[in-house]
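Q: okay, here's the prediction I keep looking at, along with the sequence it came from:
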Amino acid sequence: MSNTQPMRLETGGRIDREKPLSFSFDGKQYNGFAGDTLASALLANGVRVVGRSFKYHRPRGILAAGAEECNALVTVGRGALEEPNIRATMQPLYDGLEARSQNCWPGVKFDIGRSLDYLHFLWPAGFYNKTFIWPHWHWYEGFIRRMSGLGKLPPADDPDHYMHHNVHCDVLIVGGGPAGLSAALAASENTARVAVIEQDSRLGGSLLWSEGNINGERGDAWLEETVRVLRQRDNVTLLTNTTASAWFDHRMVIACEMVSDRRATGEGEGPRQRLWKVHAREIVLATGAIEQPLVFANNDRPGIMLASAVKQYCNRYAVAPGMRIAIATNNDSAYGVAGALMSAGVDVAAMIDARQSLAGEGARALRDQGMTVFHNAIPLDCRGDRGVRSVSVARRGGEERLATLECDCIAMAGGWQPAVHLFTQARGRLRYDPSLGAFLPDEIPPHVHVAGMVAGALTLDMALEQGREAGLAAAGDGLQVRPRTRSKSTGALHMERAGCEHRPDRQWIDFQYDVTLQDIDIAVAENYTSVEHLKRYTTTGMSVDQGKTSNVNALLALAERTGRTPGEVGTTTFRPFYMPVTLGALAGRDRGEFYAPVQRSPLFACHEQLNAQFEDYGTWRRPRVYPRNGESEQQAVAREAVAARTSVVVFDGSPLGKIEVYGPGAAEFLNRVYLNNVTSLETGRARYGLMLNENGIIIDDGIFARLPDDHYLVHTTSAGANRIHAWMEALLQGDWPDLDVLLTPVTSQWANIAVSGPRARELLERLEAGIDISNNGMPHMSIATGTVENMPLRVLRASFTGELCYELNVPADRGAALWGRLMQLGEDLQIMPIGVETLGVLRTEKGYLHVGSDTDGNTTPGDVGWGHVADRKQGEFLGKRSLSRTHNTSYGRLEFVGLTPVQDGSVLAAGAHVIGAEHTGAPAPTQGYVTSACYSPNLRRYVGLGLVQDGSRRQGETVNVYDNGQVHPAQLSTPAAWDPEGDRLHA
Amino acid sequence: MFRISCPFCGERDENEFVCGGQAHIARPEPAEQVSERDWAEYLFFRDNPKGLHFERWQHRYGCRQWFNIVRHTVSHEILAVYRLDEAPPDVDREEAV
Ligand SMILES: [Zn+2]
């Protein structure tokens, strides 16, 4: 097998050589083994260039072995199942996996976009901000949008499904390495419910690729036994392939589990990903640390990797990342890497150590084995476009050249930055630790514990000890765990940074966004010395990896160049998410028809039968209009609107808000929430009312009616139903607990059918509901109850069309029957349904106020012609005191008026501004605006309503209405254009 | 995501609740005798503390009852939950900060 995998080592690794898997990359077939990641399999096959950089389109190879990978972002899967920006290092290999490189055209080996690299001196930091502003950003936007972005959206709707899962636990442990597992063992000894989240496909962390000695036994023996014990414990949940990415208030952590990537080949079942919402009492962060690159010329070439990744590929995956590997370091951790490579039989070219003196045992041991160890030395530059071929070594400072080494891989050991992302999201504070050359947790928030490398524990023993302490503390019996105020870095790296010196060739800081040391220099020269400014000006750390391998080097360079300590420079804020989460996982089941609930009237099927054109009004899906025989919408509205004023129409008003109000305090309660007088209302009668808030502003309107005894029925607007009920409950529960009132929202319990038009009474007589509906028996604004075909029926005579109108209410499940009966009884009267759009025309003709359209957050009753009602009302009501505030009584208020076009054929449109007659165009001071307008089929002209300064006093005056460059003269009038005397209501 | 203990239903997720703003705002009475300035104070001015905040919430997608909580505006820790007919609890302000 290994002859087809040239870089696969003969022995070792945690791969299953009995289970070969085939996969493709950019169309070419390769083989790997179960246990591989896509990255390790590519390396085993000698594939070096896996992607192109974002800005310069430079060839890039695999940098890392975990979540911090920023070069090997690939597209996996095909068609609708494909997913872009997968880290090859995080993608477990499966049989038939198809992957493609991104950000290159025509291919990853030859990419036209590379010309951007050869001309790189044209686009330094700030180029974007300085260049694309003239004449205007939009002039460039299309071109830049095409050039930017990583990966492509899949071509079709995602056929997979994604689930959300809520869990509650006592102790959540993030990180399944030695510290996390040790914490889990300790925390789960008793009854505490413990969950462990690990982003890798296997538990063990560094034990999977580092030799270790735990209590005298091998590290992997301890790992095996620990995992076995944890699996046996019922109170432990172990999640692998799951990345904890975000921290929210009250210790909720969001983690995304890759459940079934095999769906990418069309196999497997279940969700593709599962979003875990973990609510934890205590959280242990054992998130480890991320190795940092070294900064030297052309340090972005394929074959240059993090030293820990080199070791991981060698030990865990039995892959040699190169035939001959040079190691560059500034600390002790690289020596273990050299040892691992040599044990595996991989040729190590040399150790290039930046430190002045090499007192360590590691160096001596290497030299004893005949290895070249340079000290006080740095990699200066390297050659090899599509894969490194050699590295030149120089004395620190760069003047004295020491050697040029042939090598096809450079392992960089630049120190370790704890993975503090979740810690800082939890509002933990950091401090810079010079001995570690990194930012460590400092002030630890309550209920949070840190253990292992994230807390600066550099030795295995220390990680296990910290893990155990953290686990015990977190599981403590409800005791407030005393947070450790300072974590100590333990062990030592003997770190010594070489400093970042300016060189003629570019030295990369942020590989993904192509930010170089030269860009940092420019930013500093232009005085962007705050770390937040530096980040935004150079874009360092802003790519999809969020600076996992670039932030530390960037701010160390900034500190160096501005003569500050790294602690003084500080870090930018880590925000969710630590790792990108797919939109599919975030949406879960809330997509398509489940995205938002749709409310349907009990008469929905009736409307469908009548070929209604539906539209969503708030949460309700309602008939807009009922076009017949190829009518346009406009024609249908005209037909319906004329019928409503000449014969009889039905309208489904079921979404109308309905609240039943009972109790001895009901009248007093309603009297306080309505502007209008409620206490004088007699049984069987109804009134139109406005509701104000304490500011005196109109918040809703509608009819209220009095049923026998202390029982009222309140109609709110459809949109206000829930809001007004919640508000009423707040008043009753909080402000007026002494009032004995019970509220029941019954909006969806009743179907409401309005029968309107001059022949409405004639139709209702045929219904034989046992109600005297003569004009005397049931005058305008009255309510009566009856029965029709054994249905309880409530009839309210009130009108929102301006015509004779009855609202029939029956239990929701009987609504369709009543609708059918009415249509049948009215056939010879040419009865027809009208939609919401037609109703809008009718009420605009009639000048009926629509709260929210014809009022805004400033409109008082006085502004809409109800000032006299407020003045007359005895007793206290909400908003009363505010009506006399200076602001509400001064001149210049926007008042509700009608607008009548002066010229034939003139158009009025909602949103158009009213300007003085002396102005014939913009600019002109606005005097208000048109709030509702439409063509009136009954008046055969446009009708409009508006809010106009001092409108009530200006009726008869001609103004100009400015609409998109056109000006239409219009006369201010009373709102009602149709039947201003209201005779038709009382017919 | 807050976890809020409704006094009537028990602990639930924040998205079942609606916040109604600062609690214990007394309406000055009799309203018509209140000065313009004091009335504006009552209508428009609210505390914005860095620390303990007494506020009203409704379990809108549950029992629909309103109640009060004491929340720390930095940590979002909820230090007390109490019914509208209960007196505000005596929360140790020092310890909460
Ligand atoms: Zn509740």
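A: Received the coordinates, thanks.

Q: show me what contacts A:Gly79?
A: A:Gly79 makes contact with A:154-156 under the criterion C-beta atoms under 8 Å, 6 or more residues apart in numbering or on different chains. All C-beta atoms are positioned from the backbone trio N, CA, C, and that covers glycine.

Q: and the longest helix anywhere in chain A, which residues are buried?
A: In chain A, assigned by DSSP state H, the helix with the most residues is helix A:460-475. Counting neighbours by 16 or more other C-beta atoms under 10 Å in any protein chain shown, one finds that the buried residues in helix A:460-475 are A:460, A:462-475.

Q: ok, whichever helix or strand comes after it: who's next to it in the sheet?
A: Using DSSP states H and E, the helix or strand that follows helix A:460-475 towards the C-terminus is strand A:508-510. Within its sheet, strand A:508-510 is paired with strand A:515-516 (antiparallel), according to DSSP bridges.

Q: what helices and strands are in contact with the longest helix of chain A?
A: Contacts defined by 3 or more C-beta pairs under 8 Å, 6 or more residues apart in numbering or on different chains; DSSP states H and E place helix A:460-475 against strand A:162-174, helix A:178-187, strand A:213-214, strand A:273-285, strand A:448-450.

Q: next, the closest residue to A:Asp95 other than its chain neighbours: phi, psi?
A: Leaving aside its chain neighbours, A:Asp95 sits nearest to A:Leu21 (4.5 Å; criterion: C-beta to C-beta, 6 or more residues apart in numbering or on different chains). The phi and psi torsions at A:Leu21 (degrees, to the nearest 10) take the values phi -130, psi 140.

Q: likewise A:Val810?
A: Dihedral angles for A:Val810 - degrees, to the nearest 10 - are phi -130, psi 160.

Q: give me the beta-bridge partners of it?
A: So, taking DSSP bridges as the rule, A:Val810 has A:Ala751 as bridge partners.

Q: what sits against it?
A: Applying C-beta under 8 Å, 6+ apart to A:Val810 gives the contacts A:750-751, A:753, A:788, A:791-794, A:817-818.

Q: how about A:Cys934?
A: A:Cys934 makes contact with A:840-841, A:844, A:942-943 under the criterion C-beta under 8 Å, 6+ apart.

Q: and what about it, helix, strand or coil?
A: With DSSP: H, G, I helix; E, B strand; the rest coil as the basis, A:Cys934 sits in strand.

Q: how are the helices of chain B distributed by residue range?
A: B:36-44, B:93-96.

Q: lowest-confidence stretch among those?
A: Lowest mean pLDDT within the helices of chain B: helix B:93-96, at a mean of 52.

Q: for the ion, what is the nearest residue in the stretch 251-400 of chain A?
A: A:His279 (18.2 Å; C-beta to the ion).

Q: quick one: contacts of stretch A:527-534?
A: So stretch A:527-534 is in contact with A:520, A:523-524, A:537-538, A:540, A:554-555, A:558, A:562, A:569-572, going by C-beta under 8 Å, 6+ apart.

Q: now do stretch A:555-568
A: Under the contact criterion C-beta under 8 Å, 6+ apart, stretch A:555-568 has outside partners A:295, A:431-432, A:437, A:439, A:497, A:499-500, A:509, A:517, A:520-521, A:524, A:529, A:531, A:534, A:569-571.

Q: can you pull the buried residues of that stretch?
A: Taking 16+ other C-beta under 10 Å as the criterion, stretch A:555-568 shows A:555-561, A:566 as buried.

Q: can you get me the start-to-end distance on that stretch?
A: 10 Å (C-alpha to C-alpha, to the nearest Å).

Q: what's the average pLDDT for it?
A: 94.

Q: same check on stretch A:11-19?
A: What stretch A:11-19 shows for mean pLDDT is 95.

Q: list the buried residues for that stretch?
A: Buried-residue list, stretch A:11-19, by 16+ other C-beta under 10 Å: A:13-15.

Q: how about these in CSV, adding secondary structure?
A: Formatted as CSV, the buried residues of stretch A:11-19 follow (three-state DSSP):
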residue, secondary structure
A:Gly13, coil
A:Arg14, coil
A:Ile15, coil
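
Q: and of these, the nearest to the ion?
A: A:Arg14 (51.1 Å).

Q: residues contacting residue 38?
A: Reading this off chain A. A:23, A:25, A:72, A:74, A:76, A:86, A:88-89, A:91-93, A:97, A:99.

Q: wrong one, chain B
A: B:Asp38 neighbours (C-beta under 8 Å, 6+ apart): B:Pro28.

Q: for it, give its distance to the ion.
A: Taking C-beta to the ion, to the nearest Å as the criterion, B:Asp38 is separated from the ion by 35 Å.

Q: which helix or strand in chain A has the lowest average pLDDT?
A: helix A:138-147 (a mean of 63; mean pLDDT, DSSP states H and E).

Q: and chain B, by the same measure?
A: helix B:93-96 (a mean of 52).

Q: helix or strand: which one has the nearest residue to A:Thr573 once chain neighbours are set aside?
A: Spatial nearest neighbour of A:Thr573, chain neighbours left out: A:Thr424 (6.8 Å); criterion: C-beta to C-beta, 6+ apart. For A:Thr424, the host element (DSSP H and E) is helix A:421-425.

Q: need the residues of chain A near chain B, please.
A: Proximity of chain A to chain B (C-beta under 8 Å from any C-beta of the partner chain) is limited to residues A:248-250, A:252, A:277, A:279, A:427, A:445-446, A:694-695, A:726, A:729-730, A:733-735, A:737, A:876, A:880-882, A:884-886.

Q: now with 7 Å, please.
A: A:248-250, A:252, A:279, A:694-695, A:726, A:729-730, A:733-734, A:737, A:876, A:880-882, A:885-886 (C-beta under 7 Å from any C-beta of the partner chain).

Q: can you say which of those are buried?
A: Of those, these count as buried by 16+ other C-beta under 10 Å: A:248, A:250, A:252, A:279, A:694-695, A:726, A:729-730, A:733-734, A:880-882, A:885.

Q: picking up where we left off before, state the mean pLDDT of the longest helix of chain A.
A: Mean pLDDT, helix A:460-475: 92.

Q: contacts for it next, please.
A: A:170-171, A:178-180, A:182-187, A:190, A:192, A:212, A:214, A:282, A:284, A:286, A:449-453, A:455, A:457, A:481, A:490-491 (C-beta atoms under 7 Å, 6 or more residues apart in numbering or on different chains).

Q: and it with strand A:162-174, angle?
A: Going by axes from the mean of the first three to the mean of the last three C-alpha atoms, to 10 degrees, helix A:460-475 is angled at 110 degrees with respect to strand A:162-174.

Q: helix A:460-475 versus strand A:273-285: what angle between them?
A: Using the same axes, to 10 degrees: helix A:460-475 against strand A:273-285 is 100 degrees.

Q: export helix A:460-475 as CSV, just CAs?
A: In CSV, the C-alpha atoms belonging to helix A:460-475 read as follows (Å, rounded to 0.1, in the frame of the first residue of the first chain):
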residue,chain,number,x,y,z
LEU,A,460,2.0,16.5,31.6
ASP,A,461,2.2,16.0,35.3
MET,A,462,1.1,19.6,35.9
ALA,A,463,-1.7,19.3,33.4
LEU,A,464,-3.1,16.2,35.1
GLU,A,465,-2.8,17.8,38.5
GLN,A,466,-4.5,21.0,37.4
GLY,A,467,-7.2,18.9,35.7
ARG,A,468,-7.9,16.9,38.8
GLU,A,469,-8.1,20.1,41.0
ALA,A,470,-10.4,21.8,38.5
GLY,A,471,-12.6,18.7,38.2
LEU,A,472,-13.0,18.3,42.0
ALA,A,473,-13.7,22.0,42.5
ALA,A,474,-16.2,22.1,39.7
ALA,A,475,-18.1,19.1,41.0
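
Q: all strands of chain B, in order?
A: With DSSP state E as the criterion, chain B has strands at B:3-6, B:10-13, B:18-22, B:52-58, B:66-72, B:78-83.

Q: strand partners (parallel or antiparallel) of the third one?
A: Right, the one you point to is strand B:18-22. strand B:52-58 (antiparallel).
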